[in-house]
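In: Quick one, structure for this:
(one chain, ligands or ions: 1)
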Amino acid sequence: MPEFTLTEEQTSLRDLARKFARTEMLPRAAECDRTGRFPEEVYRKAHEIGLMNLNVPTAYGGAGLGLVEQCLITEELARACSGMTTTISANNLALEPIVLGGSEEQKQRILPPFCGRYNLASFCLTEPSGGSDAGALRTRARRSGDEYTLNGEKCFITNAPHADLYTVFATIDPELRHKGITAFVVPRTAVGVVAGKDEEKMGQRASSTGTVRFEDVRVPVADRLGQEGDGFSIAMRTLDQTRTPIGALATGIAQAALDYASDYALKRHAFGKAIAEHQAIQIKLANMAQDVAASRLLTWQAAWTIDHGQRGTLESSLAKCFASDAAMRVTDEAIQIFGGYGYMREYPVEKLLRDAKLTQIYEGSNEIQRIVIAREHLRAYA
Ligand code: CAA
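Out: Next up, the predicted model:
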């Protein structure tokens, strides 16, 4: 198990993220939530100070950080605004298939120019006809000579309306199920790429989510990641990596809710004393503190496991599933502690509950996480 003492580098990365979150993200969070504005100036600055493309090795222009460091940063950013954090983190999700499945030539050609300036990328797996059953996707890739033609539609894609690059999962034959899925890198400028508008969302409204259509998009064989049929494994291995930071993001939301609720409970008086002195409120705060601490520990455990070379399928699903369910419980209780004020838009906690909801759904719903957990768990007994 890991040491719980952070190294000097880890502490300074966490401090950098905390400062950025407080000075650049938090002051804009309520306004972006209200209006749905996409604060590009924040994302440009995040890139400028090295808080984007965290998982891309330094040799290809990224920050080259391990998952423990990525989680420390993600939690701090999400304490201020998880919507903005989702936009920033979506590059990690979209670039991981290239890191895992790309050839040396592809990494050298694609990653440094992308990471060298502010660019956004999208991971295009989910489709309107189904998201959880990734093996059943319908976007077609038909090969002719040295190129493929892509046709299909993706939905609920983070960054889609703003992305410069898409990693796209398509099938060479739907009858083959997961064995036909193949991954491609597609620039936004490719003819036939049609990015849809921003969706109106319940929470995480500073992030941008939309559809992307591929209409006879020609992709050179040189931009296929791995071999035909490697795409499903690339997608699953990518999600093993990126579900852990979703655990950190959910922990950040829950920590923010606990911070606001504790502060409020100490200041708000009822029946002649601060409500923090009433046992009913203390029990709530104690349960919330347990959820936050357990979420953080599971997330760190998953990050450490993967950083030490293991697949981490079980650990990343445990972290993502527990922390996101915990974030819902904690944000719900924070609203309860605030009482009527908690239900009002003027106060910060109702946003946190709306934001937390998405963490139970994206990067694999928590029902999918439980399938993964049960399979991995039972494997040990078979
Ligand atoms: N690593 C490597 N290989 C894996 C793997 C993993 N973690 N998980 C499965 N595989 C392999 C299996 O070993 C198997 O290989 P063989 O054929 O060689 O035996 C193959 O993949 C098929 O595996 P399964 O039989 O387990 O596949 P399944 O069809 O039952 O599905 C699933 C498994 C886990 C449910 C999968 O479909 C899944 O994860 N679904 C959820 C998809 C998801 O998370 N979508 C979110 C997209 S990202 C997003 O939210 C958008 C955004 O922008 C934020």
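
In: ends of stretch 304-320, how far apart?
Out: Terminal residues of stretch 304-320 lie 14 Å apart, using CA to CA, to the nearest Å.

In: any idea of the mean pLDDT in it?
Out: For stretch 304-320, mean pLDDT is 97.

In: Residues touching it, excluding its own?
Out: Stretch 304-320 is contacted from outside by 1-2, 66-68, 236-237, 239-241, 243-244, 246-247, 250, 295, 298-299, 301-303, 359, 363-364, 366, 369, 372-373, 376-377, using CB atoms under 8 Å, 6 or more residues apart in numbering. Using the backbone N, CA and C atoms, a C-beta is placed for each residue, glycine as well.

In: can you tell me which of these are up against the ligand?
Out: M236, R237, L239, D240, E363, G364, V372 (CB under 6 Å from any ligand atom).

In: Output these in TSV, with secondary structure and pLDDT appended to each entry.
Out: What follows is those, written out as TSV (DSSP: H, G, I helix; E, B strand; the rest coil; pLDDT from 0 to 100):
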residue	secondary structure	pLDDT
M236	helix	97
R237	helix	97
L239	helix	97
D240	helix	95
E363	coil	96
G364	coil	96
V372	helix	97
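
In: which of these count as buried?
Out: M236, R237, L239, D240, E363, G364, V372 (16 or more other CB atoms under 10 Å).

In: From D291, how far out is whichever residue of the chain sits closest to the ligand?
Out: Nearest residue of the chain to the ligand (CB to the nearest ligand atom) works out as G364 at 2.9 Å. G364 is 21 Å from D291, where distance means CB to CB, to the nearest Å.

In: helices or strands up against the helix or strand where T149 lies?
Out: Assigned by DSSP states H and E, T149 belongs to strand 147-158. Applying 3 or more CB pairs under 8 Å, 6 or more residues apart in numbering; DSSP states H and E, one finds that strand 147-158 makes contact with helix 82-101, strand 121-124, strand 140-144, strand 165-171, strand 181-187, strand 209-220.

In: would you turn those into a markdown table with distance to G61 and mean pLDDT?
Out: Output for the helices and strands packed on strand 147-158, formatted as a markdown table (distance: least, CB to CB, whole Å; pLDDT from 0 to 100):
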| stretch | distance to G61 | mean pLDDT |
| --- | --- | --- |
| helix 82-101 | 10 | 98 |
| strand 121-124 | 13 | 98 |
| strand 140-144 | 28 | 97 |
| strand 165-171 | 13 | 98 |
| strand 181-187 | 15 | 98 |
| strand 209-220 | 22 | 98 |
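
In: ranking those by burial, who's on top?
Out: Of all the helices and strands packed on strand 147-158, strand 121-124 has the most neighbours on average by mean count of other CB atoms under 10 Å, namely a mean of 28.
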